[in-house]
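1. Here is a sequence together with a model predicted from it:
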Amino acid sequence: DVAMHIHHAVNPEDLDNGGEEELVEHYLQTLRDLGCEYPHDVAWRHYKLCVIDYSRFFVSRMWKTATPDTMEQKKSNKNIANINRSVPSAMRFVKVVDKYLGEIEV
């Protein structure tokens, strides 16, 4: 899932200033190049819903005992999601989810 992978593996500074949008757009262009017709507005709505759904899973399963200290202990383990081992990644993820929830609720 693209939404999970982007927030699981990409550093927050690489997602800022249009980086997240650029990655999603590249994915959508690849689909178009392969002949998949996926309307842009529908694809972005689906992406945002997937980010929100991923947050539901992550908050309920992975952040039950998360603290800055536990993230610090995991920070160099590349087998753990960025948002579970980096406070900046986690905070950016929360802000994105909040933004997408606001857009979906309208």
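-> Thanks, I have it. Bear in mind that the values here come from a model prediction, so they are computed numbers and not experimental data.
2. can you map out the strands along this structure?
-> Using DSSP state E, the chain contains no strands.
3. Grab the longest helix from this structure for me.
-> The residue-count maximum for a helix in the chain (DSSP state H) belongs to helix 40-61.
4. pLDDT of that one, averaged?
-> For helix 40-61, mean pLDDT rounds to 92.
5. Stretch 9-27 too?
-> 92.
6. do the same with stretch 80-95
-> 92.
7. Kindly check the end-to-end length of that stretch for me.
-> Start-to-end span of stretch 80-95 (Cα to Cα, to the nearest Å) is 20 Å.
8. Next, the residues that contact the longest helix of the chain from outside, please.
-> 1-4, 7, 24, 28, 31, 81, 83-84, 93-94, 96-97, 100-101, 103-104 (Cβ atoms under 8 Å, 6 or more residues apart in numbering). Backbone N, C-alpha and C define where each C-beta goes, glycine included.
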